[in-house]
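In: sequence first, predicted coordinates after that:
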Amino acid sequence: MTQAGVAGGSSVLADWISLGVLASSVPRDVVDEAVAATGKGARRAGGKLPPHVVVYLVMALALFADEDYEEVGARLTQALRGWGSWEQDWEVPTSGGITQARQRLGPEPMAEVFARVAVPVAGLDTAGAFLGGWRLMSVDGMEWDVPDTAANRAAFGSKAGPAGPAAFPGVRVVTISECGSHAAVAAALGPVAGGKGSGEQALARKLYPDLEEDWLLIADRNFYSWAGWRAAAGTGAALLWRVRSNVSLPVLEPLPDGSWRSVLIRPRIDPRAAARADLLAAAGRGEDLDEDQARYVRAIEYQVPDRDGNGTGERIILITTITDWRAAPAAGLARAYHQRWEHEGGNAQLKTYLRGPGRVLRSQSPAMAGQEIWGYLLTHYAISALACAAATAAGIDPDRVKFKRTVRIIRRAVGPAFPP
């Protein structure tokens, strides 16, 4: 890509911002519908911080993580006045007024807005977004530190380390994101130390019903379990997951591309039991299987040489629901698997460039912490959608549009960025 091409992408980016594309990712009518659906409508007419304004305010708090409430309120007020959405006799909200407005809103409308607006944004001509007819998607998790209040610690707990509990309670967030754009399209939140149901696998299972049949969902080995695989595969989406070396993958048939046809058997079936031997025999003959007990997969194994710099390389074992090797040869799937790192890049954008490295969230209570995280997810989604559209229009990979630079441009253009 020439410098002119990259410059062209930046020019397109600035033009799209000036047209308010960021706000179009979270349109006012959807916000109003979400507020109504969650029963959080305004209690009285004429309030200067009605629910729809607070939704945008929470997003603005994510965009301006370094600023206090009153500064963010002043910036938003200026934007609203520019869009004719702020009455002349209203005053800039105080910190206390913003706190009360956030508490009235709660987290539910933010989660509902996200559920309504967050969809894949890459087009067929977006670089790195597809493998054949499948849209590349991935699942991954991250953790957010919240203030060390009694309420937050009781609700979320904190991870234990060699020196004792972590300094701050934490929220675990698992998202399904589009590899091409980094845009998260589904999310689940839970405590970092909540016991059963709060781990990454459990949170991810809450998201699998949202999978689409034309998606190829990529996952690291920490997400594999029989229950998770069965739930995700049952949606009809294609899967490409890494597994640990102790997962049994018998060779039913070697395939021309170096992969092999195999079968996953429910782990609770004892390896020494006759039922397991019967399932293996039936799989070897290519018979239909009881999918509650066993599922056909295709397996791929390869080495990434000397990834850690110690001369040993890394063994990677993948399984996929795409059993026809001609539809997606092993080499192409191996390349697609490494697109999963795009998700970790998106997590870094959220936690480093929006929130700030090592920053603890603002919210003193569990409900407000959840609301704040949904605000970050919405703002990151809007920025990712904007960057992807700009890159696609310029004919470059969205990775070439620097997220940090995009955030700076948007912060300078906050007027058209948030127009309720």
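Out: Cool, the structure landed.
In: where are the low-confidence patches of the stretch 51-200 of the chain?
Out: Counting by pLDDT under 70, the stretch 51-200 of the chain shows low-confidence ranges at 79-80, 82-87, 89-90.
In: quick one, strands of it?
Out: With DSSP state E, counting those that start in this stretch, the ranges of strands along the stretch 51-200 of the chain come out as 130-131, 134-145, 160-161, 164-165, 170-178, 184-191.
In: out of those, nearest to residue 73?
Out: Nearest of the strands of the stretch 51-200 of the chain to residue 73, taken as C-beta to C-beta: strand 134-145 at 23.1 Å. Just so you know, the C-beta spots here come from the backbone N, C-alpha and C atoms, and that holds for glycine as well.
In: remind me what the closest one packs against, helices and strands.
Out: If you count contacts as 3 or more C-beta pairs under 8 Å, 6 or more residues apart in numbering; DSSP states H and E, strand 134-145 packs onto strand 170-178, helix 200-207, strand 215-219, helix 341-348.
In: which other helices and strands contact the second one?
Out: Read it as helix 200-207. For helix 200-207, the packing partners by 3+ C-beta pairs under 8 Å, 6+ apart come out as strand 134-145, strand 170-178, strand 184-191, helix 226-233.
In: CSV please, covering those and showing distance to residue 48 and mean neighbour count.
Out: Output for the helices and strands packed on helix 200-207, formatted as CSV (distance: least, C-beta to C-beta, whole Å; neighbours: other C-beta atoms under 10 Å):
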stretch, distance to residue 48, mean neighbour count
strand 134-145, 30, 22
strand 170-178, 30, 26
strand 184-191, 30, 21
helix 226-233, 46, 18
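In: what's the closest of the ones you listed to residue 41?
Out: Nearest of the helices and strands packed on helix 200-207 (C-beta to C-beta): strand 184-191, 23.9 Å.
In: residues contacting that closest one, please?
Out: With contact meaning C-beta atoms under 8 Å, 6 or more residues apart in numbering, strand 184-191 is reached by 114-115, 118-120, 137, 155-157, 169-178, 197-198, 202-204, 206-207, 210, 346, 370, 373-374, 377, 380-381, 384.
In: kindly reformat the helices and strands packed on strand 134-145 as JSON lines containing distance to residue 55.
Out: What follows is the helices and strands packed on strand 134-145, written out as JSON lines (distance: least, C-beta to C-beta, whole Å):
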{"stretch": "strand 170-178", "distance to residue 55": "19"}
{"stretch": "helix 200-207", "distance to residue 55": "22"}
{"stretch": "strand 215-219", "distance to residue 55": "28"}
{"stretch": "helix 341-348", "distance to residue 55": "22"}
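In: out of these, which comes closest to residue 102?
Out: Residue 102 lies closest to strand 170-178 among these, at 16.6 Å (C-beta to C-beta).
In: neighbouring strands of the closest one in the sheet, and parallel or not?
Out: As defined by DSSP bridges, the strand partners of strand 170-178 come to strand 134-145 (antiparallel), strand 184-191 (antiparallel).
In: would you quantify the distance from residue 97 to residue 154?
Out: Noted for residue 97: a distance of 27 Å to residue 154, by C-beta to C-beta, to the nearest Å.
In: ditto for residue 407
Out: Per C-beta to C-beta, residue 407 is found 34 Å from residue 154.
In: give me the more crowded residue out of the two.
Out: The residue with more neighbours, out of residue 407 and residue 154, is residue 407; 18 against 11, by other C-beta atoms under 10 Å.
In: the more buried one reaches residue 354, doesn't it?
Out: Yes: using C-beta atoms under 8 Å, residue 407 is in contact with residue 354, at 6.8 Å.
In: anything in contact with each of the two?
Out: Common contact partners of residue 407 and residue 354 (C-beta under 8 Å, 6+ apart): residue 63.
In: ok so, going back, list buried residues within the contacts of strand 184-191.
Out: The neighbour-count test (16 or more other C-beta atoms under 10 Å) marks 114, 118, 120, 137, 155-157, 169-178, 198, 202-204, 206-207, 346, 370, 373-374, 377, 380-381, 384 as buried among the contacts of strand 184-191.
In: how about the contacts made by the residue lying closest to residue 369 once chain neighbours are set aside?
Out: In space, and not counting its chain neighbours, residue 369 is closest to residue 363: 4.1 Å by C-beta to C-beta, 6 or more residues apart in numbering. Going by C-beta under 8 Å, 6+ apart, residue 363 touches 146, 147, 152, 369, 371, 372.
In: and residue 288, by the same measure?
Out: If you count contacts by C-beta under 8 Å, 6+ apart, residue 288 has none.
In: next, give phi and psi for it.
Out: Per-residue torsions, residue 288: phi -60, psi 140 (degrees, to the nearest 10).
In: i'd like the first residue to be 189 from this point on
Out: In the new numbering, first residue 189, that becomes residue 476.
In: please report how far it lies from residue 402.
Out: Using C-beta to C-beta, residue 476 is found at 25 Å from residue 402.
In: returning to what we had before: redo the strands of the stretch 239-388 of the chain as TSV? Include distance to residue 409.
Out: Listed next are those as TSV, based on distance: least, C-beta to C-beta, whole Å:
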stretch	distance to residue 409
strand 318-319	20
strand 322-333	12
strand 348-349	23
strand 352-353	27
strand 358-366	15
strand 372-379	20
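In: looking at the ones you listed, which is closest to residue 448?
Out: Judged by C-beta to C-beta, the one of the strands of the stretch 239-388 of the chain that comes nearest to residue 448 is strand 318-319, at 20.0 Å.
In: how many residues are close by residue 249?
Out: By the criterion of other C-beta under 10 Å, residue 249 has 25 neighbours.
In: is it in contact with residue 556, as I believe?
Out: No: using C-beta under 8 Å, residue 249 is not in contact with residue 556; the gap is 10.6 Å.
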